[in-house]
Structures are given as C-alpha cells and as structure tokens.
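**Student:** Provide a 3D model corresponding to the input given below.
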Amino acid sequence: MNVKVSELKPYKFNVKFFDLLPKDVYNPLKADIEKNGIKTDLHILADNTVVCGHQRLRIAKELGLEKVPCKVVKLEGDDAIKEYVIKDNLLRRHLTPEQKALLYGELKKLPHYQGRVGGDRKSTNFKTDKVSVLKGETNKLIGKEFGVSGRTVDRYLQYSDEVVLHPELRGEKITKVLRDVKKEKQVKEIKVLIPPKGKFNVIVVDPPWPGSEGYDPDGFRGAGDYPTMSFDEIKAIKLPTADDCVLWLWGIDLHLKETLEVLESWGFERKSTLIWAKDKFGLGHWLRNQHEYCFLAVKGKPVFHGESISSILNAPRRKHSEKPEEFYALVEKASPYKKKLDYFARKKREGWEVFGDEVDG
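**Tutor:** Numbering: from 1, shown residues only. This next block holds a predicted model:
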C-alpha cells in the first residue's frame with residue numbers, strides 16, 4: 001500500500017545502535033530513487049512509525065515525493081523492533097564483515113539470543129519458544145539463520161566485544177583484531193608458565209621465530225597468530241637436557257643460519273636434517289613454501305635408531321605451525337627413551353611432557 005510521506009514518522013532508535021547501520025549508500029540510493037522511484041516497501045507499525053527505511057523516508061522528503069510504498073509489521077516493544085531491524089540489515093544490505101560483526105554484537109544482547117534462538121525475519125511475530133542448547137550451539141543456530149558458520153558468528157561476536165572494550169579498534173579488520181588480542185593474551189600467559197621439571201633425553205623444539213609480526217590483510221597474509229621471540233631470547237632458553245640427549249629443532253627458510261647458531265649456543269652438534277614435504281603449499285613472499293626443516297642434533301652419546309628412517313617426511317599440512325603426528329611417531333621410533341619433552345607444544349600426547357601456552361587436550 002502507498003502512504004503519504006507527511007503521515008510517516010521515523011522510529012527513534014538508540015543513537016549508539018543507529019550508528020552501527022551503514023551510511024555510505026545514501027547518495028547512490030538517492031540518485032536511484034530520483035530516477036526510478038522507491039521500489040522497496042518501507043516497514044511501518046500500525047501508527048505509521050517507520051522501523052525499516054529511514055534513509056528512503058528522508059530521501060522521499062528531500063525529493064518532495066507525495067506517497068511511498070509501505071508494509072505494516074506487527075512488533076511490540078523496543079527489543080522486538082530492534083531485532084527486526086538488525087535482521088533486516090543483516091539479510092538485505094551489503095555489509096562489510098566488520099559492520100556485520102557489530103550488528104551481531106547488538107543481536108546477542110537481545111533476550112531472544114540469551115541462551116535461545118530468535119525468530120525469523122520473514123515472520124512478523126517474534127515470540128520465540130525457549131530452546132535448551134549446549135554452549136556454542138546458539139551461535140551455530142544463529143549462523144544457520146543467516147547462512148554463515150557458527151565459527152564465523154563466534155569471530156563476529158569476539159570482534160564486537162573487543163570493539164566495545166577498545167573503541168579505537170573500530171574499523172580494523174576482524175582477523176587483525178582477533179590476532180592481536182590473542183597475541184596479547186599469550187604474552188601474559190607465557191610469563192606465568194611453569195618450566196618442566198627433570199632432565200630429558202629427547203626434546204622437540206618449535207620456536208616462535210621472529211619475522212612474522214607484520215600483517216598485511218590486502219597482500220601477503222603471512223603473519224603468525226602467536227607472539228614471537230628474538231634470536232637472543234631463543235638462544236637464552238635453558239633446555240632441561242640429560243647428559244645424553246637428542247634434539248629436534250624446527251627451523252624456517254628465512255632463518256637457517258640463525259637456527260644453526262641456536263643449536264651451537266645450546267651446546268648441540270648437528271647430525272642431519274629432516275625435511276617435511278607437505279601435500280599443499282603454504283605461505284611465502286617469493287615461492288610458496290611446501291616444506292619445513294627440522295634439524296637433528298645431539299649432546300653426549302644418546303641411543304638413536306635412524307637406520308631405516310628417511311630424511312624426507314611426507315605428511316599432510318596441518319594448521320599454522322602445527323606439526324604432523326607422523327613426525328612424533330618417527331621421533332619415538334628413533335629414540336627409545338621415556339623422558340621426552342615437546343617444547344612450545346600445541347597439544348598433549350601420551351608419553352610426552354609438554355611445555356607451552358597453546359597446549360590443549
């Protein structure tokens with residue numbers, strides 16, 4: 001139906017919320033309306049209050065239009081109206097991921113999303129049955145409603161929370177913000193880590209080598225998602241080595257010379273090099289790397305059975321910096337010692353002691 005512009009009034013949104021809506025489409029929209037008229041209904045309440053279509057209403061007034069197409073929706077209360085408008089923007093507008101994240105953050109605050117799942121924008125009735133869900137399931141269901149994964153919703157909400165705490169981050173890319181937050185958290189956790197006890201005959205070390213601090217979201221995406229250490233800091237590590245010890249030190253192409261210097265500073269003698277050949281290539285400025293080096297070195301006279309082990313390890317590429325399970329099977333086969341340490345580990349494994357701030361089950 002068509003309604004007189006003079007009879008319409010905009011809904012008075014909370015200013016902070018209204019600021020989240022995109023503002024960079026106004027001039028192109030006005031030019032299109034001036035040429036073709038308003039084709040999409042404004043959504044209004046029974047008293048002619050506009051809940052969706054404020055920019056179109058403003059343009060209609062500026063252009064002196066007499067009537068505009070409208071659709072009446074039945075909504076009761078500020079929360080229901082706010083939910084409806086958020087969904088209208090998430091489903092119909094071309095938003096950047098950062099704009100979507102802020103809207104998801106507002107959606108999360110609404111009663112329908114506090115441990116349950118909200119309604120469908122296609123319905124004008126936002127009364128919702130309570131749904132008992134496990135932790136994380138709500139985000140999956142929200143994501144399904146908007147055609148994204150639960151993990152994407154998780155990231156959007158994390159970003160939204162950080163922007164609320166640190167307004168200066170608004171406008172930064174989601175990946176950069178979450179990566180910087182994770183690094184800051186890890187730096188704090190590293191300071192309170194308890195060093196492993198005892199002496200070890202087998203040690204695997206995968207240092208956070210320097211050189212991955214920068215992040216370029218529009219070009220080379222080679223930044224690591226963890227805080228790095230300087231060469232001097234890595235050299236200063238006091239490894240809990242037994243008198244007879246086998247060391248496996250992971251290095252990267254960029255720092256092969258420095259890796260050998262680290263071995264020397266730790267008092268180890270290099271014996272061989274294992275090359276991990278991956279099934280897919282990864283990062284790289286010049287060539288896309290599809291391999292990693294792991295230097296085999298010893299101290300004293302450890303027992304070692306490498307006669308049937310190749311210097312090439314063929315194994316699938318894992319998550320960033322994660323080493324393959326095939327590597328640990330190789331290490332265990334070569335060195336029949338009980339005292340084994342995974343330094344800067346990412347996960348626990350049977351028969352090993354682990355040390356690192358990213359260790360999970």
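**Student:** for this structure, give me the ranges with low pLDDT.
**Tutor:** Low-confidence segments of the chain (pLDDT under 70): 14-25, 93, 114-138, 181-194, 211-227, 320, 357-361.
**Student:** now stretch 142-158: how far from the chain's centre is it?
**Tutor:** Offset of stretch 142-158 from its chain centre (Cα atoms, centre = their mean, to the nearest Å): 12 Å.
**Student:** what's the span of it from first residue to last?
**Tutor:** 15 Å (Cα to Cα, to the nearest Å).
**Student:** how much space between V5 and W276?
**Tutor:** V5 sits 68 Å away from W276 when distances are taken as Cβ to Cβ, to the nearest Å. (Glycine included, C-beta is placed from N, CA and C.)
**Student:** more neighbours: the two, which one.
**Tutor:** Shown here are V5 and W276; by other Cβ atoms under 10 Å, W276 has more neighbours (19 against 16).
**Student:** wait, is that one part of a strand?
**Tutor:** Yes - checked against DSSP: H, G, I helix; E, B strand; the rest coil, W276 lies within a strand.
**Student:** which residues does it form beta bridges with?
**Tutor:** The partner list for W276 in beta bridges (DSSP bridges) reads E292, L313.
**Student:** which residue ranges form the helices in the stretch 1-150 of the chain?
**Tutor:** 15-18, 26-36, 54-63, 78-92, 97-108, 137-146, 150-165 (DSSP state H, counting those that start in this stretch).
**Student:** can you state the direction angle for the last one and helix 97-108?
**Tutor:** The reference is to helix 150-165. Helix 150-165 runs at 90 degrees relative to helix 97-108, counting by axes from the mean of the first three to the mean of the last three Cα atoms, to 10 degrees.
**Student:** helix 137-146 and helix 150-165, what's the angle between them?
**Tutor:** Using the same axes, to 10 degrees: helix 150-165 against helix 137-146 is 100 degrees.
**Student:** what's the answer for the second one, then?
**Tutor:** Orientation of helix 26-36 against helix 137-146 (the same axes, to 10 degrees) gives an angle of 30 degrees.
**Student:** same check, this time on the fifth one
**Tutor:** Angular relation of helix 97-108 and helix 137-146 on a 0 to 180 degree scale: 120 degrees, by the same axes, to 10 degrees.
**Student:** packing partners of helix 97-108?
**Tutor:** Packing contacts for helix 97-108, counted by 3 or more Cβ pairs under 8 Å, 6 or more residues apart in numbering; DSSP states H and E, involve helix 78-92, helix 150-165, helix 174-190.
**Student:** likewise the second one?
**Tutor:** Under the contact definition 3+ Cβ pairs under 8 Å, 6+ apart, helix 26-36 sits against helix 54-63.
**Student:** kindly export the helix it packs on (C-alpha atoms) in CSV.
**Tutor:** Output of helix 54-63 as CSV, limited to C-alpha atoms (Å, rounded to 0.1, in the frame of the first residue of the first chain):
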residue,chain,number,x,y,z
HIS,A,54,14.7,5.7,7.4
GLN,A,55,17.0,6.7,4.6
ARG,A,56,14.3,6.1,2.0
LEU,A,57,11.9,8.3,4.0
ARG,A,58,14.5,11.0,4.3
ILE,A,59,15.1,10.9,0.6
ALA,A,60,11.4,11.0,-0.2
LYS,A,61,11.0,14.2,1.9
GLU,A,62,14.1,15.8,0.2
LEU,A,63,12.7,14.9,-3.3
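**Student:** distance-wise, check D161 relative to S310.
**Tutor:** Distance from D161 to S310, by Cβ to Cβ: 48 Å.
**Student:** same thing with P324?
**Tutor:** In terms of Cβ to Cβ, P324 sits 14 Å off from S310.
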